[in-house]
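A.B. asks: build me a structure from this.
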Amino acid sequence: MNTPEPLQTIERETGANPSWTVLWLHGLGADGNDFAPMVPELVRRDWPALRFVFPHAPQRAVTINGGMRMRAWYDIREANLANRADEHGVVESIAQVEALIDGEAARGVPASRVILAGFSQGGAIALACALRRSAPLGGIVALSTYLPMADRAAAMLARGAAAQPLFMAHGLMDPVVPYAAGMHSAAVLRQLGFNVDWHSYPIPHSVSPDEIRDIGDWLSQRFVAG
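C.D. replies: Residues are numbered from 1 along each chain as shown. So this is what the prediction gives:
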């Protein structure tokens, strides 16, 4: 594969010499600014110094939106989840995310101390990336999302990938990515050996204060273990 084009990012550090990185992928049509304001709500006083990295997805035409160009991790070809994701775009975005993970290692934060998080389309890339990693990340957070190409997930599973802690959450009233789709993806990942920490909330396609609290609780466990 050719070297992927580097992604532009926004960064926030909670202290000097961060020992962990949280790499957070936004949803369709948004950009890295989308979740940056969440940092003060999420971070806790007893946590180690963190680096938050919020990349901007590339601009690309999105079929389901009439071919309009917008920031997207892959093309969405149709509403049907089985055929929704453009596999080439998914693979390309995984390579770009992996380049960011390698960049963190070069800055002194190994993959084992990288949390890969994503919302909606960004969450789909986080799950697809997790599936293929033989060197486990510190954890995966996948919100209001689904696993692309779930019918072929077993063939894509790397040895050691299922050791990665996985937090998944979904809104019960989600009109964009149906709740049932998230549940199905969680079931597939469990069958592959992942320990899925599943949460649901009475919200649409969004993130709630209760969800941020639960993510914080889960991250606290990762930081203690790491």
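
A.B. asks: pull out the buried positions in the lengthiest helix in the chain.
C.D. replies: Criterion DSSP state H: the longest helix present in the chain is helix 87-106. Residues of helix 87-106 classed as buried: 89-90, 92-94, 96-98, 100-101, 103-104 (neighbour count, 16 or more other Cβ atoms under 10 Å). Glycine gets a C-beta too; all of them are placed from N, C-alpha and C.

A.B. asks: burial count for Met38?
C.D. replies: 16 (other Cβ atoms under 10 Å).

A.B. asks: likewise Met168?
C.D. replies: Around Met168 there are 26 residues (other Cβ under 10 Å).

A.B. asks: with Gln8 instead?
C.D. replies: Gln8, neighbours per other Cβ under 10 Å, totals 12.

A.B. asks: just the C-alpha atoms of stretch 39-56, please, in PDB.
C.D. replies: Output of stretch 39-56 as PDB, limited to C-alpha atoms (Å, rounded to 0.1, in the frame of the first residue of the first chain):
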ATOM      1  CA  VAL A  39     -12.100  17.400  27.000                       C
ATOM      2  CA  PRO A  40     -12.800  19.500  30.200                       C
ATOM      3  CA  GLU A  41     -16.000  17.500  30.800                       C
ATOM      4  CA  LEU A  42     -14.300  14.100  30.400                       C
ATOM      5  CA  VAL A  43     -10.900  14.600  32.100                       C
ATOM      6  CA  ARG A  44     -10.500  13.800  35.800                       C
ATOM      7  CA  ARG A  45      -8.000  15.200  38.300                       C
ATOM      8  CA  ASP A  46      -6.400  11.900  39.200                       C
ATOM      9  CA  TRP A  47      -5.700  10.900  35.600                       C
ATOM     10  CA  PRO A  48      -2.200  10.900  34.200                       C
ATOM     11  CA  ALA A  49      -1.200  13.600  31.700                       C
ATOM     12  CA  LEU A  50      -3.000  13.000  28.400                       C
ATOM     13  CA  ARG A  51      -2.600  14.100  24.800                       C
ATOM     14  CA  PHE A  52      -5.900  14.300  22.900                       C
ATOM     15  CA  VAL A  53      -5.500  14.100  19.100                       C
ATOM     16  CA  PHE A  54      -8.500  15.000  17.000                       C
ATOM     17  CA  PRO A  55      -7.800  14.400  13.300                       C
ATOM     18  CA  HIS A  56      -9.800  15.800  10.400                       C
END
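
A.B. asks: now what about that stretch, what contacts it?
C.D. replies: 7-26, 31-36, 71, 96-97, 100, 104, 107, 109, 209, 212, 215-216, 219-220, 223 (Cβ atoms under 8 Å, 6 or more residues apart in numbering).

A.B. asks: distance between that stretch and the chain's centre?
C.D. replies: 15 Å (Cα atoms, centre = their mean, to the nearest Å).

A.B. asks: show the average pLDDT along it.
C.D. replies: What stretch 39-56 shows for mean pLDDT is 97.

A.B. asks: before we move on, what about stretch 188-208?
C.D. replies: 98.

A.B. asks: that one: which residues count as buried?
C.D. replies: Buried-residue list, stretch 188-208, by 16+ other Cβ under 10 Å: 188-189, 192, 194, 196-197, 201, 203, 205, 207.

A.B. asks: and those, which two are the farthest apart?
C.D. replies: Greatest spatial distance in those: Leu192 and Ile203, 27.5 Å, computed using Cβ to Cβ.

A.B. asks: next one, pLDDT for the spatially most distant residue from the centre of the chain please.
C.D. replies: Centroid-distance maximum for the chain: Gly66 at 25.6 Å, with Cα atoms, centre = their mean. Looking at Gly66, its pLDDT is 91.
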